[in-house]
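Asker: here are the coordinates; sequence isn't available:
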């Protein structure tokens, strides 16, 4: 916007701005305004220069400007942009203006403040400016503006020279697209207003009159629904349609499904009504499609559809709810047992053995299957509890003890494998680092700009600062950073010679430590069961294997995560784990 | 050790060292040795200069030195210290010698290598040097040395000039304190050897003969036990005592208790023996004193002491084991019910409501109490399951629904309080930071060395680098760093004006986020229960409160943890939580 010119002009403008600032500071708004208008300086500066002063002296501003045209000019030029920080910065840095604490947008704030002032000063005189403040808001308040025009027509002002409805409407049409205004006038459900706008709009009466007449013939609520739907205001449409009685319910249900207005719809009908039930079923169907079967089940259950609710709960492994509904129906005992077995099977697939055992024991009445599920899931203590509860000590010999011994082998072998992988990764990491260090030293000797290892070097140094890696283990993290990390990890490849192999190795080593650390409780439970059954030798073996794995990893931490990289894997916490295994002679 | 002298001498010594290195490199050990001895250069250099060369040419070394005295001199001067890195560094840096990979200590390595070589060359000739290699080991092998002396006496060597037992013993007494040697001779249980040493020791025969005679009169195992105990070798003592038959068991038990040799003792007796049981009970008693009641219970149970085992399990809330033991005894039904109630009460105190409910339901046969426990613990789904299982829908109305509504109030109020504390801490943090920044800028203007705010400034900058704080949330951490952090945190005080107030506030804000984040599942479960019972309005209220709290905290993260401090609290992960609450008309 700055006029082209020589240095002198620029200098002149700086002087002008200084003068404007002085005027604004001394509340000489008129002088400032006229000067700015003449020199085409953005009028937003009147507010931006000092928002607080402007808002506190808004009546002075209005009285000084006086002219409706001036006020409208100012209003129409309003923008969110802060001209002090973009176009007219202060020559010397001054304390930063605090942002409006209300969080309201600048344009809305100024419009509302001006309107409130003008309405208390002289609503009739400032009529057009008041309409402008409605139109200029971030979300234009066209209905309110139209309503004011309509009021002018109903009660024409008596003051001489006051704005007529006609004039006001013309002004509005100058500010707003005629079709927008027509739509919004429809939205007021006021046919006088609609006709008034339509007449001014140069629309073809053959086009709009039949539509308006059709609307007029409708029952009021259905009329409003039709208008709302026409304007794509579906929530309002549903609200009006819901008042049109049962004969229109199928139309309402259709609307709800099309626009997914389930929550809103449920709020509009009584919970014990047939409509509420129909809506619940429709919502449940939708939720099932969205893979939210448990929530669908809750809706179906509470609206009195236990059979479909049962299906929904069963399909989402929401087994407690499924069983409750089944007992409410009530399912005959044999079918309940079958249901329990089905649910248990799914839970076992999800490694939820304790829950599966509860179903098998209490609902399928099959304690043997329940105990076997617990043994499969390594839930030793609970297995023993059921064994004693049902007096099935025979299972201890036939299944529990062999399973314990097998678990020792599995765990020991697993620990061995984890340890071996850890050692392999650790050695490879040392080799990769040495290679990169050599490349780096070689580069330093060269001191040339186009070294072939340049990329390798910058890679190595980025690992050494460790910032990227060190961020990848935070407990709470945003989706965006999560995705970023996911993408980053994808780049990490353990393939020998891959550019980020060292980082991939560090990540893999960290995962191995986590895995072994997480075995603590499982190992401890197994140890207790082994001791109980006099398998002291096996217990000692397992405890040693676990402690060795932990110690080996602990010892490697300073090497793998040297100072500066060590934000996350400091040493393992082994406090909770201490052996107590007694051993018996064979 | 360097002789005093002028520069010339020093220079001369450098030349000498160079010559010695050349000799060693060309395997001229004799020349090197004599020169080093003359100039009092530490003999360890012979090995340290090049361990690999030394070990590979150890026979050459022995044949060149030839003299037993020389070899003994070298052996007695052996130290763990690496003289190349401490006293005689290489003039130009040479590639670092890899450490002995076996992890064996240098002294032990050299002693074993020399002994093995001498024994294969001429054990008779090198007899005294061989003895020296035993004595010089990190843990002196005095028994072996004594045994060799004893062998010399039993089978005197026939070679002319060979070392006699007499001479060897004299030599040993020259190397080792006489009392040590006497004790170790006792430890061989060989009275000939003991007498031999005792005679040489100038000990009073009146003193040692009665003791030896007493020992001689004992049964062999009891004799060894007595000697082991005298030498404080308690494990060996126990081993020998365990072979002395049942009449000595009480003595053994006493020893086990005194020396806490429980695990070792259990290994020495058969698992079905009376002694094993007695030892188990003693061990259990010890574990109970160590607050390891569950482990005590396991030992008691498996050795056939169910009643005391039950007490141990009950006292440690190991309720599954307690119930199993009780059913094995078997406890009569009314007592079992009482036990279940007692256990449940303790579990409720520990907020383990689900487990308490299981006990009350299945063992105390009191489904009402069980359901109430679940309701108290906010375990809504499980409460409902028991309600349907026992057909007690009346409790839904009398207890479950009121509890749900109360939970909404509690949770909403709690979220409000957390939010308020968060905001208060956040504002205070901003104020503290501004204050510190001002102090810092003030200091920069001063540029004086003794600024009063210097400490404050360094504090602020240490926070801004953020290293200390960013390390305090790693998942796995060593005990030492844990303690360090604990100490650090103690220094953090939220008191206004405390020196690390900003860091304390950041820590407190982090804790608040964690607390609210952890409520996710509890809130979700409550929401599901509310929806089921048509409490849609309350559900919406709670969901909004929770989402607002999360959003508010999420929005504050960039301010509280600005770039560089943000390693841990990046944004909250809100993926798992999305509302679905439908609402019904009232």
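Answerer: Yep, it's here. Just so it is clear, the model here is predicted, and its values are computed rather than measured. Numbers count the residues shown, from 1 in each chain, chains lettered A, B, ... in the order given.
Asker: rest of the way, CA atoms for contacts and neighbours
Answerer: OK.
Asker: What is the burial count for residue A:502?
Answerer: 28 (other CA atoms under 10 Å in any protein chain shown).
Asker: Residue A:242 contacts residue A:253, correct?
Answerer: No - at 9.6 Å, residue A:242 and residue A:253 do not qualify as touching, with contact defined as CA atoms under 8 Å.
Asker: all helices of the stretch 101-250 of chain A, in order?
Answerer: For the stretch 101-250 of chain A, the helices defined by DSSP state H, counting those that start in this stretch occupy A:106-121, A:127-136, A:142-154, A:165-175, A:178-187, A:191-200, A:205-216, A:220-230, A:234-241, A:249-259.
Asker: again, but for the stretch 401-550 of chain A
Answerer: Going by DSSP H, counting those that start in this stretch, the stretch 401-550 of chain A shows helices at A:401-446, A:454-465, A:467-470, A:479-491, A:501-518, A:520-532, A:536-560.
Asker: Can you tell me which of the ones you listed has the worst average pLDDT?
Answerer: In terms of mean pLDDT, the lowest-scoring of the helices of the stretch 401-550 of chain A is helix A:467-470 (a mean of 34).
Asker: about what we covered before: quick one: closest of the helices of the stretch 401-550 of chain A to residue A:312.
Answerer: Proximity to residue A:312 (CA to CA) singles out helix A:479-491 among those, at 29.7 Å.
Asker: how far away is residue A:283 from residue A:139?
Answerer: 32 Å (CA to CA, to the nearest Å).
Asker: the more surrounded of these two?
Answerer: Between residue A:283 and residue A:139, counted using other CA under 10 Å, residue A:283 has the larger neighbour count: 25 against 9.
Asker: Assess the claim that the more buried one and residue A:296 are in contact.
Answerer: Yes - judged on CA under 8 Å, residue A:283 makes contact with residue A:296 at a distance of 7.3 Å.
Asker: before we move on, the earlier item: residue B:412: which of the helices of the stretch 401-550 of chain A is closest?
Answerer: Closest approach to residue B:412 among these (CA to CA): helix A:479-491, 25.8 Å.
Asker: Check what pLDDT the residue nearest to residue A:228 when sequence neighbours are not counted gets.
Answerer: Distances taken as CA to CA, 6 or more residues apart in numbering or on different chains put residue A:237 closest to residue A:228, at 4.8 Å, once the chain neighbours are dropped. For residue A:237, the pLDDT comes out at 93.
Asker: Against residue A:222, how distant is residue A:237?
Answerer: 9 Å.
Asker: Residue A:174 too?
Answerer: Distance of residue A:174 to residue A:222, computed by CA to CA: 33 Å.
Asker: Who has more neighbours out of those two?
Answerer: Between residue A:174 and residue A:222, counted using other CA under 10 Å, residue A:222 has the larger neighbour count: 20 against 10.
Asker: Isn't that one up against residue A:239?
Answerer: No - under the criterion of CA under 8 Å, residue A:222 makes no contact with residue A:239, lying 10.1 Å away.
Asker: Residue A:263: neighbour count?
Answerer: When neighbours are defined as other CA under 10 Å, residue A:263 has 17 of them.
Asker: That should have said residue A:55, apologies.
Answerer: Using other CA under 10 Å, residue A:55 has 15 neighbouring residues.
Asker: repeat for residue A:435
Answerer: Residue A:435 has 14 neighbours, counted by other CA under 10 Å.
Asker: With residue A:106 instead?
Answerer: 21.
Asker: For it, which non-adjacent residue is spatially closest?
Answerer: Nearest in space to residue A:106, with sequence neighbours left out and distances taken as CA to CA, 6+ apart, is residue A:80 at 5.8 Å.
Asker: Close to chain B: what parts of the stretch 201-350 of chain A are there?
Answerer: Proximity of the stretch 201-350 of chain A to chain B, by CA under 8 Å from any CA of the partner chain, involves residues A:262-264, A:266-271, A:295, A:298-299, A:301-302, A:320-321, A:323-324, A:327-328.
Asker: What subset of those residues is buried?
Answerer: Among those, those buried by neighbour count (16 or more other CA atoms under 10 Å in any protein chain shown) are A:262-264, A:266-269, A:271, A:295, A:298-299, A:301-302, A:320-321, A:323-324, A:327.
Asker: how about the nearest residue to residue A:337 once chain neighbours are set aside, secondary structure?
Answerer: Excluding the flanking residues, the one nearest residue A:337 by CA to CA, 6+ apart is residue A:364, at 4.0 Å. Secondary structure, DSSP: H, G, I helix; E, B strand; the rest coil: residue A:364 is coil.
Asker: For residue A:364, list the residues it contacts.
Answerer: A:336, A:337, A:338, A:340, A:341 (CA atoms under 8 Å, 6 or more residues apart in numbering or on different chains).
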